[in-house]
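1. okay, structure incoming, though there's no sequence with it:
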């Protein structure tokens with residue numbers, strides 16, 4: 001399981017199932033079937049809101065191709 005901070009607007013879009021992907025620096029070796037523990041984080045207040053959710057990774061597109069910077073990845077995620 002990976003615990004990740006998420007800004008309020010993307011968090012809301014994921015909560016409403018409008019955003020079904022996540023772009024991250026791949027410093028955790030994200031893999032298919034990993035569970036993401038997402039915590040809403042307000043950078044202005046430097047604090048968590050208390051809202052959380054879990055998402056499962058269904059696909060990982062590694063960087064270094066298709067215009068994605070090497071060392072980053074795009075993950076497809078579902079509830």
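-> Happy to help now that I have it. Since this is a predicted model, take the numbers as computed values, not measurements.
2. mind checking the SS state of residue 76?
-> strand (DSSP: H, G, I helix; E, B strand; the rest coil).
3. and the residue of the chain positioned farthest from its centre, its phi and psi?
-> Most distant from the centre of the chain: residue 45, at 20.5 Å, with distances by CA atoms, centre = their mean. The phi and psi values for residue 45, taken as degrees, to the nearest 10, are phi -90, psi -10.
4. and if you look at residue 11?
-> phi -60, psi -50.
5. quick one: contacts for it?
-> Neighbouring residues of residue 11 by CB atoms under 8 Å, 6 or more residues apart in numbering: 38, 40, 51, 53. C-beta coordinates here come from the backbone N, C-alpha and C atoms, glycine included.
6. which helix or strand contains the first one?
-> Spelled out, it's residue 38. strand 35-42 (DSSP states H and E).
7. quick one: buried residues of stretch 16-23?
-> Going by neighbour count (16 or more other CB atoms under 10 Å), the buried part of stretch 16-23 is 19, 22.
8. where's the lengthiest strand in the chain relative to the chain centroid, distance-wise?
-> As assigned by DSSP state E, the longest strand anywhere in the chain is strand 47-62. In terms of CA atoms, centre = their mean, to the nearest Å, the centre of strand 47-62 is set 4 Å apart from its chain centre.
9. helices or strands up against that strand?
-> The helices and strands touching strand 47-62, judged by 3 or more CB pairs under 8 Å, 6 or more residues apart in numbering; DSSP states H and E, are helix 8-15, strand 35-42, strand 72-78.
10. what about the ones you listed, which gets the closest to residue 58?
-> Closest to residue 58 of those, according to CB to CB: strand 72-78, at 4.7 Å.
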